[in-house]
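Trainee: Sequence plus predicted model, see below.
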Amino acid sequence: MVALLNLLFVLVAAVVAFALAGYGFGRLAESGVRRAELPVLLRGLGALAGAVAAALCAWGLFIVVGAVVTAQDGGTDSAPPQSCRTAGWWERHQRGVEIVDYSVSYLPLGFVCETSDGGSYDNGDVPGYLNPALLGFALAGVGCVVSAGYVSEMRGRRQHRERAGEAQ
């Protein structure tokens, strides 16, 4: 059930990535990158950064789905879960520490194995650069969109002041 829910999240993230990419490229192509006004350029770049963040999220979730499906695979040699058998697992097992459960971490993305001594560790399936890149592109996208709103607001206020000065 967890794998199906995560697959739904992958699908949603992929659709969001394609929608944002279409919006971003459309905005930039509408008036041309060189001739675009600053708010239009910032909105387009913000949408493209958001599209990259959504695509990275979909990719990371897809990796987590693979780990969950592998962990849920029953039968011979299914305990402890294969996804939790990382480097150093056998040494922990020799010291009496067993893997008792696993969970999915969404922030940051990862597959977490829980041990009998109350500890836990990430199995390392999600590449180490994925979460920082996802955060960076998401923040860049939000920054561009907020900046576009700020520039539009300042232009509107300036135009209002100019019109108010002409009316007097």
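Mentor: Okay, I see it.

Trainee: Spell out, range by range, the strands that occur in this protein.
Mentor: The residue ranges that make up the strands of the chain, judged by DSSP state E, are 99-106, 109-115, 120-122.

Trainee: starting at the chain centroid, how far to the shortest one?
Mentor: If you compare the mean C-alpha spot of strand 120-122 with that of the full chain, they lie 20 Å apart, counting by Cα atoms, centre = their mean, to the nearest Å.

Trainee: could you measure the closest residue to Asp101 other than its chain neighbours against Arg95, distance?
Mentor: Computed as Cβ to Cβ, 6 or more residues apart in numbering, the closest residue to Asp101 that is not its neighbour in sequence is Glu114, at 4.5 Å. In short, each C-beta sits where N, CA and C put it, glycine included. Taken as Cβ to Cβ, to the nearest Å, the spacing of Glu114 relative to Arg95 amounts to 16 Å.

Trainee: higher neighbour count, those two?
Mentor: Glu114 (16 against 7; other Cβ atoms under 10 Å).

Trainee: Give me the residue ranges of this structure where confidence is low.
Mentor: Per-residue confidence of the chain (counting by pLDDT under 70) places the weak regions at 74-78, 89-90, 92-94, 96, 167-168.

Trainee: and the lengthiest helix in it, what does it pack onto?
Mentor: Across the chain, the longest stretch assigned as helix under DSSP state H is helix 130-167. Applying 3 or more Cβ pairs under 8 Å, 6 or more residues apart in numbering; DSSP states H and E, one finds that helix 130-167 makes contact with helix 38-72, strand 109-115.

Trainee: domain ranges for this structure?
Mentor: The domain map for the chain lists 1-72+131-168, 77-122, with the assignment taken from automatic domain parsing.

Trainee: Let me know how buried Ala148 is, in neighbour terms.
Mentor: Residues within reach of Ala148, counting by other Cβ under 10 Å, total 21.

Trainee: for the one 5 residues further on, same thing?
Mentor: Residue crowding around Glu153 was assessed by other Cβ under 10 Å; the count is 11.

Trainee: Please spell out which residues along the longest helix of the chain are buried.
Mentor: The neighbour-count criterion (16 or more other Cβ atoms under 10 Å) identifies 130-131, 134, 137-138, 140-141, 144-145, 147-148, 151-152 as the buried residues of helix 130-167.
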